[in-house]
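Asks: 3D model of this:
(2 chains)
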Amino acid sequence: MSTEEARVRPLRALRGRGQRDREVELWLVGLNHETAPVELRERLAIPEDLVAEQGRKLVESGLVREATVLATCNRVEVVAVADRGASDVAAGLTAALAHQSGLTPQAIAEHRYVHRGKLALRHLFRVTASLDSMMVGESQILGQVKEQFRLAVEAGAAAKLLRRCFERSFTVAKRVRSETGVAAKSVSISSAAVELARRIFDGLEDKTAMLIGAGKMAELAARHLLGQGIASVIVTNRSFDRAVDLARTFGGTPVPFDRFLQYLHLADVVLGSVAASGYMIGPPQLNEVMRARRRRPMFFIDLGVPRNFDPAINDLENVYLYNIDDLANVADDHRVERQREAVRAESIVDEEVERFWPRLAGQDLTPTIVALREKFHGIGRGELERAMRALKSLEPAERAALEAMTQAIVNKILHLPLAALKELATSEDGGAALEATELIHQLFALELQEESQDDGEAGPG
Amino acid sequence: MEAILLKASLLSYLVGTLAGAAHLIRPGDAARSTATIALALGFVLQAAAIVVRVLEFGSFAVASFGEQIAFFTCLLAGGYLLAQMRYHLAVLGAVVGPIGFVGVLAMLVAHGEMRDVPPDLRSPWLPIHITLAFLGNAAFGLACLVSLVYLWQERQLKTHSVGRFLRRLPPLETLDDVNFRFLTWGFILLTLGILSGVLWAELSFGRLWSWEPRTIWSTIIWMIYAVLLHGRVTVGWGGRRAATLTIVGFGVLFVSFIGVNMLAPGRHAGSFE
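Replies: Coordinates of the predicted model:
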């Protein structure tokens, strides 16, 4: 990534607060389903309620200024803003990831990727737009990123700069979804599960599903199965109240978590999404269950990370076990089509990165130009108003002439510097543009509204 | 007349095979209905040819090995078409087609070697006994085909290598269910076939049982399927175990059928000696 890295431009945050500008840099360190095997990913998994906490710790440690941790079944990533020139940010973030899961940094070093600056932004856009997903185009990732970013903001781990990046990424994701067929062609985990269930069972109308744990994806899959006509749902969860709630929304039956094995033989499809280490079901227990149900087929879907079901149960007769990776492979049939749409989606992401990055990096001078013009015209208007108060006897025509003159003077003064700035903005040398803006901001004490730099379409939500 | 029917039947089975293969590779309603219609046509033409031959010959003509093969495949195709009306088993069409084709080919070849049926076997019992036994065999043959498809699908589901073909295969439960039905029918028909033979032997020759290779093997095969069905009904054998046993059972049946014909002359082997 050396040539890319060389083009990385410093970010300028905290500008316009009257402080001396500080240069910061965007970082992204992570592992995903392509770089790390599921065994490693499940060890790195961070429970949802600890994700924001993790980000806050990173900020508190002083390693970075802002941080958001993204943890889904298929990835663990840290998006962070650090001081420019800060050493060992990548190593520090890697160590933090490794530390929280009790691994050594070396253990994950070969599986992780590090992006800086523009590449980090691009990666974030791709993740949120579901182009980096195991199942490209699946719709759950956007919601997950939004939620985890919201939590990071609440925990005080993410602030202004990350907000701009993330909110932009949500906009890009929406654009990708509405302008390409990536999402339309996507076969979500749930659909793949239903597809497989239909290959095993001759009909879902007399079948029962059991939900062990109340994970989001398992809940979605259960809804999908219900939509496809599965007869009943049994729900069990550590928190029995949650099981009761969930069962109510499904019209299902809650059972106590410590006794779910007693009811397992009733289930034809079993969805596991418990966040706990250790297998919930292994071959010995399941053998009993299979005997109780006269070896009628059972379909296990393991959506838990770490995994809930012992992989060895797949060897039992008439037991079919699929984890997330397996389900993703099932959807491979549509891969060619999706890939074609994904190419279009990638170009949208590239376009958005090219458009947004200069703004973020301060290379875009439009806000400076606007601010400068605003400042000068403001001075002109102020002086004009003062003069007008003294010259009350003027005719309307004379007033208009004065106003025009003031405008003309301001425009004339601004003309040359603005032309020079515009030229800088289009030049390749981003550093020069940055220096010029910095100087101008200092000379004229310009204040910038950070949010106004956005297109305005990147509203929250 | 018979030759024309057989050649038309041959052509139909060929078309059915190609359409079945096309359906397997690129599924579509057109390919599927073409396959089914062509196979049905092949079956009707072959059955008509058999009827013509029987009328011409004046006796139930399944004496030679070729004729037996032809009769067997014809019943198998008929059984498949019946099952196809109820279950979606179009994938089997791609296999039933070639089997029917081979059967008609065998009948064409066997044309020259028609044998006279000895007078003591000329009896209304002959068609009853043979048809029942062969219907049983055809049902077992279909159960075997269904079991092969089951194992294929099961393998893919187990190894998570869900390929392109899988989408066309019927669900495991359906295959298992159809297997059970074919087995049940096969068992009933085989039992009736053996009973009719026993009855016929008792009434015509005055002895219930004769120890000859065919009867011994039939008894063995009957017992294999009896054990399999008993396991299914009482212990709940199903799935891969049932499929494997079904295939083993039919393997024994097939090998003994050919072996008895080739090696052990007797009135069951077409030589009537």
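
Asks: residue of chain B nearest chain A, please.
Replies: Relative to chain A, the nearest point of chain B is residue B:236 (3.5 Å; Cβ to the nearest Cβ). Using the backbone N, CA and C atoms, a C-beta is placed for each residue, glycine as well.

Asks: residue A:292 versus that residue, what's the distance?
Replies: 11 Å (Cβ to Cβ, to the nearest Å).

Asks: for the residue of chain B closest to chain A, what are phi and psi?
Replies: For residue B:236, the backbone dihedrals are phi 80, psi 30 (criterion: degrees, to the nearest 10).

Asks: give me the distance between it and residue A:264.
Replies: The span separating residue B:236 from residue A:264 equals 17 Å under the rule Cβ to Cβ.

Asks: who has more neighbours, these two?
Replies: When residue B:236 is set against residue A:264 and neighbours are counted by other Cβ atoms under 10 Å in any protein chain shown, the residue ahead is residue A:264, at 23 against 16.

Asks: assumed residue B:210 was part of a helix.
Replies: No. Using DSSP: H, G, I helix; E, B strand; the rest coil, the secondary structure at residue B:210 is coil, not a helix.

Asks: so the closest residue to the residue of chain B closest to chain A other than its chain neighbours, which state does it fall into?
Replies: For residue B:236, the nearest residue in space outside its immediate sequence neighbours is residue A:294; the separation is 3.5 Å by Cβ to Cβ, 6 or more residues apart in numbering or on different chains. Applying three-state DSSP to residue A:294 yields a three-state assignment of coil.

Asks: which intervals of chain B have sub-threshold pLDDT?
Replies: Applying pLDDT under 70 to chain B flags the ranges B:61, B:111-119, B:163-168, B:264-273.

Asks: go through it and flag its longest helix.
Replies: Of all the segments assigned as helix in chain B under DSSP state H, the longest by residue count is helix B:125-159.

Asks: touching chain A at all, that helix?
Replies: Yes. Part of helix B:125-159 sits near chain A under the criterion Cβ under 8 Å from any Cβ of the partner chain, namely B:153, B:157-158.

Asks: closest to residue A:144 out of the residues you listed?
Replies: Closest approach between these and residue A:144, by Cβ to Cβ: residue B:157, at 29.3 Å.

Asks: dump the residue contacts of the closest one.
Replies: Applying Cβ atoms under 8 Å, 6 or more residues apart in numbering or on different chains, we find residue B:157 in contact with A:196, A:199-200, A:320, B:166, B:172.

Asks: nearest to residue A:398 among those?
Replies: Sorting the contacts of residue B:157 by distance to residue A:398 puts residue A:196 at the head of the list, at 83.9 Å, by Cβ to Cβ.

Asks: ok, the closest one touching residue A:330?
Replies: Yes. Between residue A:196 and residue A:330 a contact is recorded at 6.2 Å, counting by Cβ atoms under 8 Å.

Asks: wait, is residue A:114 part of a strand?
Replies: Yes. Counting by three-state DSSP, residue A:114 is located in a strand.

Asks: and the closest residue to it other than its chain neighbours, what is it in contact with?
Replies: Excluding the flanking residues, the one nearest residue A:114 by Cβ to Cβ, 6+ apart is residue A:90, at 4.4 Å. Listed by Cβ under 8 Å, 6+ apart, the contact partners of residue A:90 are A:27, A:29, A:114.

Asks: and residue A:90, what element?
Replies: Using DSSP states H and E, residue A:90 falls within helix A:89-100.

Asks: returning to that earlier point: the residue of chain B closest to chain A and residue B:54, how far apart?
Replies: From residue B:236 over to residue B:54 the distance is 44 Å, taken as Cβ to Cβ.

Asks: cool, and residue A:99?
Replies: Counting by Cβ to Cβ, the gap from residue A:99 to residue B:54 is 86 Å.

Asks: how about residue A:348?
Replies: Using Cβ to Cβ, residue A:348 is found at 73 Å from residue B:54.

Asks: okay, these two: which has more neighbours?
Replies: Neighbours of residue A:348 and residue B:54, each counted by other Cβ under 10 Å, are more numerous for residue A:348; the result is 19 against 14.

Asks: which pLDDT does the model give the more buried one?
Replies: Residue A:348 is assigned a predicted lDDT (pLDDT) of 91.

Asks: let's verify residue A:214: helix, strand, or coil?
Replies: Per three-state DSSP, the local secondary structure of residue A:214 is coil.

Asks: helices along the stretch 101-250 of chain B, start to end?
Replies: For the stretch 101-250 of chain B, the helices defined by DSSP state H, counting those that start in this stretch occupy B:125-159, B:172-200, B:213-230, B:239-263.

Asks: is chain A within reach of the shortest one?
Replies: Think helix B:213-230. No. Judged by Cβ under 8 Å from any Cβ, helix B:213-230 stays clear of chain A, getting no closer than 14.5 Å.

Asks: related to what we said a few turns ago, the inter-axis angle of the longest helix of chain B versus helix B:172-200?
Replies: Helix B:125-159 and helix B:172-200 meet at an angle of 160 degrees, taking axes from the mean of the first three to the mean of the last three Cα atoms, to 10 degrees as the criterion.

Asks: isn't residue A:205 right up against residue A:229?
Replies: Yes. Using Cβ under 8 Å, residue A:205 is in contact with residue A:229, at 5.3 Å.

Asks: near chain B, which residues of the stretch 151-300 of chain A? Just list them.
Replies: Counting by Cβ under 8 Å from any Cβ, the residues of the stretch 151-300 of chain A that sit close to chain B are A:196, A:198-202, A:294-297.

Asks: so which of those residues wins on neighbours?
Replies: Ranked by neighbour count under the definition other Cβ under 10 Å, those are headed by residue A:297 with 24 neighbours.

Asks: may I have the phi/psi pair for that one?
Replies: Here is the backbone geometry of residue A:297 (degrees, to the nearest 10): phi -60, psi 150.

Asks: who's in contact with the nearest residue to it once chain neighbours are set aside?
Replies: Excluding the flanking residues, the one nearest residue A:297 by Cβ to Cβ, 6+ apart is residue A:318, at 4.4 Å. Shown here is residue A:318, whose contacts under the criterion Cβ under 8 Å, 6+ apart are A:290, A:295-298, B:238-240.

Asks: how about TSV for those residues, with distance to residue A:233 added?
Replies: Supplementary listing: those in TSV, determined by distance: Cβ to Cβ, whole Å:
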residue	distance to residue A:233
A:290	21
A:295	23
A:296	18
A:297	18
A:298	15
B:238	25
B:239	25
B:240	28
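
Asks: list just the nearest of the residues you listed to residue A:354.
Replies: Nearest member of the contacts of residue A:318 to residue A:354, counting by Cβ to Cβ, is residue A:298, at 51.0 Å.

Asks: could you measure from the residue nearest to the closest one when sequence neighbours are not counted over to residue A:67?
Replies: When the adjacent residues along the chain are set aside, residue A:298 lies closest to residue A:319, with 5.2 Å between them (Cβ to Cβ, 6+ apart). Distance from residue A:319 to residue A:67, counting by Cβ to Cβ: 42 Å.
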